[in-house]
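Novice: dropping the sequence and predicted coords here.
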Amino acid sequence: MNCQKVQNLISAYLDGELAGHEMLLVRYHLSGCGECSGEYESLLTIRRAFGKLRPKRPSDDLAARICGQLSHVRVPVHVQFLASLRRCVHPFPAGIRVGAVGVAVFAALLLIRGGDVSVGPRFASIPVSSAALEMLVEAEPIHIVPIPAPDDGVPGVTAGYAAGPNYWRPTSPHGQFTYVSSPGGLTLADHTR
Amino acid sequence: MELSKTAALAYQNEDRKAFDDLVHRYHKQAYNVAYRMTGNHADAEDLTQDTFLKAYRFFANYNRSMPFDNWLYRIMSNIFVDWLRRRPKAHIRSLDEPVRREEGEITLDVADAGDGPEALALSSELDAEMQTALNTLPEDFRLTVVLSDIEGLSYEEVSEVMGCSIGTVRSRLHRGRKLLREKLKRYFE
(Lines give C-alpha, C1' and ligand atoms only; values in the text may rest on other atoms or scores of the structure.)
Protein backbone atom coordinates (compact mmCIF):
# COMPACT_ATOMS: atom_id res chain seq x y z
CA MET A 1 0.00 0.00 0.00
CA ASN A 2 1.59 3.32 -1.06
CA CYS A 3 1.76 6.53 0.99
CA GLN A 4 -0.97 8.34 -0.92
CA LYS A 5 -3.46 5.55 -0.38
CA VAL A 6 -2.49 5.18 3.28
CA GLN A 7 -2.86 8.92 3.94
CA ASN A 8 -6.39 8.85 2.52
CA LEU A 9 -7.23 6.10 5.00
CA ILE A 10 -5.57 7.60 8.07
CA SER A 11 -8.67 9.29 9.50
CA ALA A 12 -10.72 6.11 9.16
CA TYR A 13 -7.85 4.15 10.68
CA LEU A 14 -7.53 6.32 13.76
CA ASP A 15 -11.33 6.19 14.21
CA GLY A 16 -11.27 2.37 14.11
CA GLU A 17 -13.50 2.38 11.04
CA LEU A 18 -11.36 0.30 8.70
CA ALA A 19 -12.09 -3.37 8.00
CA GLY A 20 -9.58 -5.88 9.36
CA HIS A 21 -7.50 -6.36 6.24
CA GLU A 22 -7.15 -2.64 5.42
CA MET A 23 -6.49 -1.82 9.07
CA LEU A 24 -3.62 -4.31 9.18
CA LEU A 25 -2.10 -2.97 5.96
CA VAL A 26 -2.25 0.65 7.20
CA ARG A 27 -0.81 -0.32 10.56
CA TYR A 28 2.02 -2.18 8.87
CA HIS A 29 2.75 0.82 6.62
CA LEU A 30 2.74 3.31 9.51
CA SER A 31 5.22 1.20 11.45
CA GLY A 32 7.78 1.79 8.73
CA CYS A 33 6.96 5.23 7.23
CA GLY A 34 7.89 8.39 9.12
CA GLU A 35 5.95 10.76 6.86
CA CYS A 36 2.69 8.85 7.15
CA SER A 37 3.06 8.27 10.88
CA GLY A 38 3.59 12.04 11.25
CA GLU A 39 0.38 12.63 9.29
CA TYR A 40 -1.37 10.17 11.62
CA GLU A 41 -0.13 11.94 14.77
CA SER A 42 -1.19 15.40 13.54
CA LEU A 43 -4.72 14.29 12.58
CA LEU A 44 -5.05 12.43 15.87
CA THR A 45 -4.10 15.66 17.67
CA ILE A 46 -6.82 17.57 15.81
CA ARG A 47 -9.43 14.92 16.62
CA ARG A 48 -8.49 14.87 20.30
CA ALA A 49 -8.44 18.66 20.55
CA PHE A 50 -11.96 19.00 19.15
CA GLY A 51 -13.10 16.13 21.35
CA LYS A 52 -11.96 18.10 24.39
CA LEU A 53 -13.88 21.30 23.57
CA ARG A 54 -16.00 22.37 26.51
CA PRO A 55 -19.72 22.08 25.74
CA LYS A 56 -21.39 25.42 25.12
CA ARG A 57 -24.24 26.16 27.51
CA PRO A 58 -27.57 27.64 26.42
CA SER A 59 -29.61 30.23 28.31
CA ASP A 60 -31.20 28.83 31.47
CA ASP A 61 -34.70 29.34 30.11
CA LEU A 62 -34.19 27.78 26.66
CA ALA A 63 -36.00 24.52 27.50
CA ALA A 64 -38.93 26.41 28.99
CA ARG A 65 -39.17 28.69 25.95
CA ILE A 66 -39.16 25.72 23.60
CA CYS A 67 -41.87 23.90 25.59
CA GLY A 68 -43.91 27.10 25.64
CA GLN A 69 -43.86 27.20 21.84
CA LEU A 70 -44.99 23.59 21.42
CA SER A 71 -48.64 24.48 22.02
CA HIS A 72 -48.59 26.57 18.85
CA VAL A 73 -47.21 23.79 16.66
CA ARG A 74 -49.72 22.45 14.15
CA VAL A 75 -49.29 18.74 13.59
CA PRO A 76 -50.26 17.72 10.03
CA VAL A 77 -53.49 15.71 9.91
CA HIS A 78 -51.93 12.69 8.25
CA VAL A 79 -49.20 12.57 10.91
CA GLN A 80 -51.84 12.57 13.69
CA PHE A 81 -53.76 9.86 11.86
CA LEU A 82 -50.71 7.62 11.50
CA ALA A 83 -49.78 8.20 15.15
CA SER A 84 -53.19 6.97 16.20
CA LEU A 85 -52.86 3.95 13.92
CA ARG A 86 -49.45 3.12 15.32
CA ARG A 87 -50.78 3.09 18.87
CA CYS A 88 -53.62 0.81 17.87
CA VAL A 89 -51.42 -1.78 16.16
CA HIS A 90 -48.23 -1.45 18.28
CA PRO A 91 -48.79 -4.58 20.43
CA PHE A 92 -48.93 -6.81 17.34
CA PRO A 93 -46.03 -8.35 15.36
CA ALA A 94 -44.55 -6.34 12.49
CA GLY A 95 -46.26 -8.27 9.71
CA ILE A 96 -49.69 -7.76 11.22
CA ARG A 97 -48.89 -4.10 11.88
CA VAL A 98 -48.00 -3.52 8.24
CA GLY A 99 -51.18 -5.27 7.15
CA ALA A 100 -53.29 -3.33 9.62
CA VAL A 101 -51.82 0.00 8.54
CA GLY A 102 -52.45 -0.90 4.90
CA VAL A 103 -56.06 -1.88 5.59
CA ALA A 104 -56.64 1.27 7.63
CA VAL A 105 -55.19 3.53 4.95
CA PHE A 106 -57.28 1.77 2.32
CA ALA A 107 -60.37 2.19 4.49
CA ALA A 108 -59.58 5.87 5.01
CA LEU A 109 -59.29 6.36 1.28
CA LEU A 110 -62.62 4.66 0.74
CA LEU A 111 -64.21 6.99 3.26
CA ILE A 112 -62.56 10.02 1.73
CA ARG A 113 -63.49 9.12 -1.82
CA GLY A 114 -67.01 7.95 -0.93
CA GLY A 115 -66.47 4.28 -1.70
CA ASP A 116 -64.42 4.62 -4.86
CA VAL A 117 -62.23 1.47 -4.96
CA SER A 118 -59.75 2.87 -7.48
CA VAL A 119 -56.95 3.21 -4.97
CA GLY A 120 -53.69 2.82 -6.95
CA PRO A 121 -51.77 6.12 -7.09
CA ARG A 122 -53.61 7.73 -4.17
CA PHE A 123 -52.73 4.79 -1.92
CA ALA A 124 -49.10 5.07 -3.00
CA SER A 125 -49.11 8.77 -2.25
CA ILE A 126 -49.97 8.30 1.44
CA PRO A 127 -46.75 8.17 3.46
CA VAL A 128 -46.44 5.09 5.66
CA SER A 129 -44.44 5.33 8.83
CA SER A 130 -41.11 3.52 8.71
CA ALA A 131 -41.81 2.20 12.21
CA ALA A 132 -44.21 -0.26 10.60
CA LEU A 133 -41.58 -1.60 8.23
CA GLU A 134 -38.49 -3.76 8.74
CA MET A 135 -35.25 -2.09 7.70
CA LEU A 136 -32.44 -4.05 6.08
CA VAL A 137 -28.90 -2.83 6.55
CA GLU A 138 -26.27 -3.90 4.07
CA ALA A 139 -22.59 -3.51 4.79
CA GLU A 140 -20.67 -1.42 2.31
CA PRO A 141 -18.78 -3.47 -0.31
CA ILE A 142 -15.01 -3.10 -0.42
CA HIS A 143 -12.39 -4.48 -2.75
CA ILE A 144 -9.24 -5.99 -1.34
CA VAL A 145 -6.09 -7.50 -2.70
CA PRO A 146 -6.16 -11.22 -3.50
CA ILE A 147 -5.45 -13.49 -0.56
CA PRO A 148 -3.87 -16.95 -0.96
CA ALA A 149 -6.29 -19.82 -0.90
CA PRO A 150 -6.75 -21.69 2.38
CA ASP A 151 -5.34 -25.22 2.60
CA ASP A 152 -8.67 -26.86 1.91
CA GLY A 153 -8.51 -25.76 -1.68
CA VAL A 154 -11.18 -23.07 -1.56
CA PRO A 155 -10.04 -20.36 -4.02
CA GLY A 156 -9.05 -16.98 -2.70
CA VAL A 157 -11.41 -14.07 -3.25
CA THR A 158 -10.80 -10.53 -4.39
CA ALA A 159 -13.91 -8.81 -3.16
CA GLY A 160 -15.87 -8.79 0.03
CA TYR A 161 -17.55 -6.53 2.51
CA ALA A 162 -16.80 -5.38 6.01
CA ALA A 163 -18.95 -7.45 8.32
CA GLY A 164 -17.30 -6.39 11.58
CA PRO A 165 -14.28 -4.56 12.99
CA ASN A 166 -11.89 -7.45 12.43
CA TYR A 167 -13.35 -9.56 9.71
CA TRP A 168 -14.86 -9.36 6.33
CA ARG A 169 -17.19 -11.59 4.40
CA PRO A 170 -16.38 -12.65 0.84
CA THR A 171 -19.04 -12.12 -1.79
CA SER A 172 -18.50 -15.62 -3.11
CA PRO A 173 -20.33 -18.45 -1.35
CA HIS A 174 -17.17 -19.96 0.12
CA GLY A 175 -17.77 -19.10 3.72
CA GLN A 176 -16.57 -16.48 6.13
CA PHE A 177 -12.88 -15.70 6.64
CA THR A 178 -11.16 -14.06 9.59
CA TYR A 179 -7.55 -12.88 9.25
CA VAL A 180 -5.08 -11.83 11.93
CA SER A 181 -1.54 -10.47 11.66
CA SER A 182 1.46 -12.69 12.41
CA PRO A 183 5.23 -12.52 11.81
CA GLY A 184 4.70 -14.13 8.41
CA GLY A 185 2.02 -11.65 7.40
CA LEU A 186 -1.71 -12.30 7.32
CA THR A 187 -2.80 -15.68 8.60
CA LEU A 188 -6.13 -17.33 8.14
CA ALA A 189 -7.50 -17.62 11.66
CA ASP A 190 -10.94 -18.98 11.02
CA HIS A 191 -12.89 -20.30 8.10
CA THR A 192 -16.48 -21.35 8.53
CA ARG A 193 -18.84 -22.40 5.76
CA MET B 1 -66.89 10.84 17.18
CA GLU B 2 -66.63 12.27 20.71
CA LEU B 3 -64.74 9.12 21.76
CA SER B 4 -62.28 9.50 18.87
CA LYS B 5 -61.75 13.15 19.78
CA THR B 6 -61.09 12.20 23.39
CA ALA B 7 -58.73 9.43 22.31
CA ALA B 8 -56.93 11.78 19.94
CA LEU B 9 -56.56 14.32 22.75
CA ALA B 10 -55.28 11.63 25.11
CA TYR B 11 -52.70 10.58 22.53
CA GLN B 12 -51.70 14.20 21.97
CA ASN B 13 -51.34 14.82 25.69
CA GLU B 14 -49.26 11.69 26.06
CA ASP B 15 -47.09 12.77 23.14
CA ARG B 16 -46.77 16.26 24.54
CA LYS B 17 -45.63 15.09 27.94
CA ALA B 18 -43.13 12.66 26.42
CA PHE B 19 -41.80 15.39 24.18
CA ASP B 20 -41.48 17.92 27.02
CA ASP B 21 -39.31 15.35 28.80
CA LEU B 22 -37.18 14.94 25.70
CA VAL B 23 -36.72 18.71 25.39
CA HIS B 24 -35.45 18.94 28.95
CA ARG B 25 -33.19 15.95 28.46
CA TYR B 26 -31.65 16.87 25.11
CA HIS B 27 -31.78 20.66 24.74
CA LYS B 28 -28.28 21.32 26.11
CA GLN B 29 -26.73 18.67 23.88
CA ALA B 30 -28.67 19.96 20.87
CA TYR B 31 -27.62 23.54 21.67
CA ASN B 32 -23.96 22.53 21.77
CA VAL B 33 -24.18 21.01 18.29
CA ALA B 34 -26.13 24.03 17.06
CA TYR B 35 -23.50 26.38 18.48
CA ARG B 36 -20.69 24.49 16.82
CA MET B 37 -22.62 24.65 13.55
CA THR B 38 -23.57 28.32 13.65
CA GLY B 39 -20.70 29.77 15.65
CA ASN B 40 -22.75 32.12 17.78
CA HIS B 41 -25.16 32.00 20.70
CA ALA B 42 -28.21 33.71 19.16
CA ASP B 43 -28.27 31.58 16.02
CA ALA B 44 -27.60 28.46 18.07
CA GLU B 45 -30.65 29.08 20.25
CA ASP B 46 -32.81 29.84 17.23
CA LEU B 47 -31.61 26.70 15.46
CA THR B 48 -32.18 24.61 18.58
CA GLN B 49 -35.70 25.95 19.01
CA ASP B 50 -36.61 25.47 15.33
CA THR B 51 -35.25 21.93 15.50
CA PHE B 52 -37.35 20.92 18.48
CA LEU B 53 -40.48 22.54 17.07
CA LYS B 54 -40.10 20.65 13.81
CA ALA B 55 -39.30 17.45 15.68
CA TYR B 56 -42.50 17.85 17.69
CA ARG B 57 -44.49 18.46 14.53
CA PHE B 58 -43.32 15.13 13.12
CA PHE B 59 -42.87 13.27 16.41
CA ALA B 60 -45.35 10.62 15.26
CA ASN B 61 -42.95 9.75 12.43
CA TYR B 62 -40.01 9.24 14.75
CA ASN B 63 -38.67 5.69 14.46
CA ARG B 64 -38.07 4.62 18.05
CA SER B 65 -35.29 2.25 17.01
CA MET B 66 -33.13 5.28 16.12
CA PRO B 67 -31.58 7.24 19.02
CA PHE B 68 -33.60 10.41 19.57
CA ASP B 69 -30.54 12.68 19.48
CA ASN B 70 -29.48 11.27 16.08
CA TRP B 71 -32.96 11.89 14.71
CA LEU B 72 -32.83 15.40 16.15
CA TYR B 73 -29.44 16.06 14.52
CA ARG B 74 -30.85 14.99 11.17
CA ILE B 75 -33.62 17.55 11.50
CA MET B 76 -31.16 20.18 12.69
CA SER B 77 -28.80 19.65 9.75
CA ASN B 78 -31.68 19.95 7.26
CA ILE B 79 -32.89 23.17 8.87
CA PHE B 80 -29.37 24.58 8.94
CA VAL B 81 -28.88 23.87 5.23
CA ASP B 82 -32.20 25.65 4.53
CA TRP B 83 -31.01 28.60 6.60
CA LEU B 84 -27.82 28.88 4.58
CA ARG B 85 -29.77 28.85 1.35
CA ARG B 86 -32.09 31.61 2.50
CA ARG B 87 -29.71 33.84 4.44
CA PRO B 88 -26.86 35.89 2.97
CA LYS B 89 -23.46 34.48 3.90
CA ALA B 90 -22.33 35.97 7.23
CA HIS B 91 -18.86 37.46 7.40
CA ILE B 92 -16.57 35.02 9.15
CA ARG B 93 -13.54 36.47 10.91
CA SER B 94 -10.41 34.59 9.91
CA LEU B 95 -7.62 33.77 12.32
CA ASP B 96 -5.27 36.15 10.52
CA GLU B 97 -7.56 39.16 10.48
CA PRO B 98 -6.46 41.91 12.87
CA VAL B 99 -8.82 42.89 15.66
CA ARG B 100 -9.96 46.46 15.15
CA ARG B 101 -10.06 48.49 18.32
CA GLU B 102 -10.35 52.18 19.14
CA GLU B 103 -6.66 52.61 19.70
CA GLY B 104 -5.79 51.07 16.34
CA GLU B 105 -5.41 47.70 14.75
CA ILE B 106 -3.81 44.88 16.69
CA THR B 107 -3.24 41.27 15.81
CA LEU B 108 -5.16 38.43 17.38
CA ASP B 109 -3.62 37.23 20.62
CA VAL B 110 -2.62 33.60 20.61
CA ALA B 111 -2.64 31.31 23.62
CA ASP B 112 0.76 30.48 25.07
CA ALA B 113 1.80 26.89 24.23
CA GLY B 114 2.62 26.04 27.85
CA ASP B 115 1.78 22.40 28.56
CA GLY B 116 1.12 21.06 25.08
CA PRO B 117 -1.72 21.21 22.58
CA GLU B 118 -4.18 18.99 24.46
CA ALA B 119 -3.89 21.06 27.64
CA LEU B 120 -4.37 24.19 25.57
CA ALA B 121 -7.74 22.88 24.40
CA LEU B 122 -9.03 23.76 27.87
CA SER B 123 -8.35 27.43 27.37
CA SER B 124 -11.19 29.60 26.22
CA GLU B 125 -8.95 31.53 23.85
CA LEU B 126 -8.07 28.40 21.95
CA ASP B 127 -11.72 27.36 22.07
CA ALA B 128 -12.57 30.58 20.23
CA GLU B 129 -9.82 30.01 17.66
CA MET B 130 -10.96 26.46 17.07
CA GLN B 131 -14.56 27.63 16.62
CA THR B 132 -13.44 30.27 14.14
CA ALA B 133 -11.55 27.60 12.21
CA LEU B 134 -14.65 25.39 12.29
CA ASN B 135 -16.73 28.28 10.93
CA THR B 136 -14.54 28.43 7.82
CA LEU B 137 -15.32 24.84 6.81
CA PRO B 138 -17.98 24.09 4.20
CA GLU B 139 -21.14 23.17 6.12
CA ASP B 140 -21.02 19.47 5.14
CA PHE B 141 -17.45 19.14 6.43
CA ARG B 142 -18.30 21.17 9.52
CA LEU B 143 -21.31 19.05 10.44
CA THR B 144 -19.30 15.85 9.90
CA VAL B 145 -16.51 17.04 12.21
CA VAL B 146 -19.02 18.25 14.82
CA LEU B 147 -20.96 14.98 14.86
CA SER B 148 -17.90 12.72 14.76
CA ASP B 149 -15.17 14.50 16.74
CA ILE B 150 -17.25 16.60 19.13
CA GLU B 151 -20.33 14.44 19.63
CA GLY B 152 -18.59 11.09 19.15
CA LEU B 153 -20.97 9.52 16.64
CA SER B 154 -19.76 6.54 14.62
CA TYR B 155 -19.42 6.79 10.83
CA GLU B 156 -22.59 4.77 10.46
CA GLU B 157 -24.51 7.13 12.75
CA VAL B 158 -23.16 10.19 10.95
CA SER B 159 -24.18 8.69 7.60
CA GLU B 160 -27.73 8.15 8.93
CA VAL B 161 -27.93 11.71 10.23
CA MET B 162 -26.57 13.29 7.07
CA GLY B 163 -28.22 10.94 4.60
CA CYS B 164 -25.00 10.00 2.81
CA SER B 165 -22.82 6.92 2.44
CA ILE B 166 -20.19 5.90 4.96
CA GLY B 167 -17.56 6.50 2.27
CA THR B 168 -18.73 10.11 1.97
CA VAL B 169 -18.55 10.53 5.75
CA ARG B 170 -15.01 9.20 5.68
CA SER B 171 -13.97 11.59 2.91
CA ARG B 172 -15.60 14.68 4.46
CA LEU B 173 -14.16 13.98 7.89
CA HIS B 174 -10.66 13.43 6.55
CA ARG B 175 -10.73 16.59 4.44
CA GLY B 176 -12.34 18.60 7.24
CA ARG B 177 -9.62 17.59 9.71
CA LYS B 178 -6.91 18.47 7.22
CA LEU B 179 -8.40 21.93 6.68
CA LEU B 180 -8.65 22.47 10.43
CA ARG B 181 -5.08 21.35 10.89
CA GLU B 182 -3.98 23.91 8.32
CA LYS B 183 -5.96 26.70 10.00
CA LEU B 184 -4.68 25.80 13.46
CA LYS B 185 -1.12 24.78 12.68
CA ARG B 186 0.43 27.58 14.74
CA TYR B 187 -1.18 26.05 17.83
CA PHE B 188 -0.63 22.36 17.18
CA GLU B 189 2.81 22.10 15.68
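Specialist: It's in. Residues are numbered from 1 along each chain as shown, chains lettered A, B, ... in the order given.
Novice: got a list of what B:Glu189 touches?
Specialist: A:Ser42 (Cβ atoms under 8 Å, 6 or more residues apart in numbering or on different chains). The C-beta positions use only the backbone N, C-alpha and C, and glycine is treated the same way.
Novice: from A:Ser42, how far out is it?
Specialist: The gap separating B:Glu189 from A:Ser42 is 8 Å, by Cβ to Cβ, to the nearest Å.
Novice: looking at this, B:Tyr31 is in a strand?
Specialist: No: going by DSSP: H, G, I helix; E, B strand; the rest coil, the assignment for B:Tyr31 is helix, not a strand.
Novice: look at the nearest residue to it once chain neighbours are set aside and tell me its secondary structure.
Specialist: The shortest distance from B:Tyr31 to any non-neighbouring residue, by Cβ to Cβ, 6 or more residues apart in numbering or on different chains, is to A:Pro58 (3.9 Å). Secondary structure, three-state DSSP: A:Pro58 is coil.
Novice: number of residues surrounding A:Val75?
Specialist: As a burial measure, A:Val75 scores 15 neighbours (other Cβ atoms under 10 Å in any protein chain shown).
Novice: A:Lys5 now?
Specialist: 12.
Novice: next one: B:Gly176
Specialist: By the measure other Cβ under 10 Å, the count of residues near B:Gly176 is 25.
Novice: go on, A:Gln69?
Specialist: A:Gln69: 14 neighbours (other Cβ under 10 Å).
Novice: and for B:Ser159?
Specialist: 20.
Novice: hmm, B:Val169 and it touching each other?
Specialist: Yes: taking Cβ atoms under 8 Å as the definition, B:Ser159 is a contact partner of B:Val169 at 5.0 Å.
Novice: the helices in chain B, which residues?
Specialist: Along chain B, counting by DSSP state H, helices occupy B:2-38, B:41-57, B:68-86, B:117-120, B:124-135, B:139-145, B:155-162, B:166-183, B:185-188.
Novice: nearest to A:Glu22, out of those helices?
Specialist: Nearest of these to A:Glu22, taken as Cβ to Cβ: helix B:166-183 at 11.4 Å.
Novice: anything in that closest one near chain A?
Specialist: Yes: against chain A, helix B:166-183 shows contacts by Cβ under 8 Å from any Cβ of the partner chain at B:Ile166, B:Gly167, B:Arg170, B:Leu173, B:His174, B:Arg177, B:Lys178, B:Leu180, B:Arg181.
Novice: just stretch B:37-55 next, same as before
Specialist: Yes: with Cβ under 8 Å from any Cβ as the criterion, chain A is reached by stretch B:37-55 at B:His41, B:Ala44, B:Glu45, B:Thr48, B:Gln49, B:Phe52, B:Leu53.
Novice: now these: which count as buried?
Specialist: B:Ala44, B:Glu45, B:Thr48, B:Gln49, B:Phe52, B:Leu53 (16 or more other Cβ atoms under 10 Å in any protein chain shown).
Novice: circling back: worst average pLDDT in the helices of chain B?
Specialist: Among the helices of chain B, helix B:117-120 carries the lowest mean pLDDT, a mean of 58.
Novice: give me the domain ranges for chain B.
Specialist: B:1-89, B:97-189 (automatic domain parsing).
Novice: tell me how far the first one lies from the chain's centre.
Specialist: Translated: domain B:1-89. 14 Å (Cα atoms, centre = their mean, to the nearest Å).
Novice: mind checking which helix or strand of chain A has the lowest mean pLDDT?
Specialist: Ranked by mean pLDDT, DSSP states H and E, the weakest helix or strand in chain A is helix A:120-125, scoring a mean of 32.
Novice: tell me if I'm right that B:Asn135 and B:Arg36 touch.
Specialist: No: applying Cβ under 8 Å as the test, B:Asn135 and B:Arg36 come out as separate, 9.3 Å apart.
Novice: between the two, which contacts overlap?
Specialist: B:Arg142.
Novice: quick one: average pLDDT of whichever strand or helix holds A:His78?
Specialist: A:His78 is part of helix A:77-89 when elements are defined by DSSP states H and E. The pLDDT scores in helix A:77-89 average 67.
Novice: what residues does B:Phe188 make contact with?
Specialist: A:Ser42, A:Thr45, A:Ile46, A:Ala49, B:Pro117, B:Arg181.
Novice: what subset of those residues is buried?
Specialist: Buried, going by 16+ other Cβ under 10 Å: A:Ser42, A:Thr45, A:Ile46, A:Ala49, B:Pro117, B:Arg181, out of those.
Novice: can I get these in JSON lines including distance to B:Phe68?
Specialist: As requested, the buried ones among the contacts of B:Phe188 are exported to JSON lines (distance: Cβ to Cβ, whole Å):
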{"residue": "A:Ser42", "distance to B:Phe68": "35"}
{"residue": "A:Thr45", "distance to B:Phe68": "32"}
{"residue": "A:Ile46", "distance to B:Phe68": "29"}
{"residue": "A:Ala49", "distance to B:Phe68": "28"}
{"residue": "B:Pro117", "distance to B:Phe68": "34"}
{"residue": "B:Arg181", "distance to B:Phe68": "33"}
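Novice: for the residues you listed, which one is nearest B:Leu22?
Specialist: So of the buried ones among the contacts of B:Phe188, ranked by how close each gets to B:Leu22 (Cβ to Cβ), first place is A:Ala49, at 30.9 Å.
Novice: wait, doesn't the closest one sit right on B:Glu129?
Specialist: No: using Cβ under 8 Å, A:Ala49 is not in contact with B:Glu129, being 10.5 Å away.
Novice: shared neighbours of those two, which are they?
Specialist: B:Leu184.
Novice: tell me how far the residue positioned nearest the centre of chain B lies from chain A.
Specialist: By Cα atoms, centre = their mean, chain B has its centre lying nearest to B:Val33, at 2.9 Å. To chain A, B:Val33 is 9 Å away according to Cβ to the nearest Cβ, to the nearest Å.
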